[in-house]
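1. From the sequence below, what's the structure:
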Amino acid sequence: MPDLSSTFVRLHARLAPVAFVPEVRLHQADEPIGLWELTEGEFHSAQPPPFWAFAWAGGQALARYVLDEPTVVAGRRVLDLAAGSGLVAIAAARAGAAAVRAVEIDERAVAAVALNAEANGVRVTADHADLLEPDTADTDAEVILAGDVFYSEAMANRMLRFLLRAARSGARVLVGDPDRAFLPRERFRELATYQVPVPPALESVRVKRTTVWELNPARPGASR
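-> Predicted structure coming up:
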């Protein structure tokens, strides 16, 4: 974990409880727009936007579900895909997962996951990788968790291909989604729905109706 990334996380985010999952504390930005402008403006680089600095609705709902229904992950190998802050990974670890791996393409997110896991006293392996690329897609996870990953058409297409492959190999796949436009609902079954508090600066509302879904890999017409 690069020291510069860890320093950046500590400098621009403070440790605080998550609104809908108060059992977990994360390094979160107090003022979302300021940090977004910082990473995209004067300090612009090839880094993705700072998704790691916010507790997004999909991740909050999925973490809540995992903590309330620990048998989903207890004793199993879990992958938190596009982990962001690591909220879902931390919830899985707290719920008794045998091993938890959180994967991100953003080095700062990887640093945030490691710092957040340490702050919550759990063990999470934080990896810098893009598992959606075909040559890096191998995973031995028994449960795959993905929060708020259907926010663009391109991301949704790549994500669905990976999740379908994993599910057909035997993994159970759960996603948390606040009614994003690119979620292929016909491929999922609903497990739970919550009213999740969110930062108005990011979502233009204070509460988002958010659903936890399970992928059905056997649905007719699913891509291979």
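2. mind listing the strands in the protein by residue range?
-> Along the chain, counting by DSSP state E, strands occupy 14-17, 25-28, 77-81, 99-104, 125-128, 143-147, 172-177, 188-197, 207-215.
3. Test of understanding: give the bridge partners of residue 80.
-> Residue 80 has these beta-bridge partners by DSSP bridges: residue 102, residue 145.
4. Can you spell out which helices and strands pack onto the longest helix along the chain?
-> Using DSSP state H, we find that the single longest helix of the chain is helix 153-168. Under the contact criterion of 3 or more CB pairs under 8 Å, 6 or more residues apart in numbering; DSSP states H and E, helix 153-168 touches strand 143-147, strand 172-177, strand 207-215. Every residue, glycine included, has its C-beta placed from N, CA and C.
5. Just give me the neighbour total for residue 160.
-> 21 (other CB atoms under 10 Å).
6. about what we covered before: looking at the helices and strands packed on helix 153-168, which is buried most?
-> strand 143-147 (a mean of 26; mean count of other CB atoms under 10 Å).
7. Pick out the residue nearest the middle of the protein.
-> residue 83 (3.6 Å; CA atoms, centre = their mean).
8. For this structure, give me the ranges with low pLDDT.
-> Residue ranges of the chain with pLDDT under 70: 1-2, 31-49, 134-138, 219-224.
9. coming back round to it: quick one: buried residues of the longest helix of the chain?
-> 156, 158-160, 162-167 (16 or more other CB atoms under 10 Å).
10. what sits up against it?
-> For helix 153-168, the external contacting residues (CB atoms under 8 Å, 6 or more residues apart in numbering) are 81-82, 131-132, 137, 139, 141, 144, 146, 149-150, 173, 175, 182-184, 187, 215-217, 222-224.
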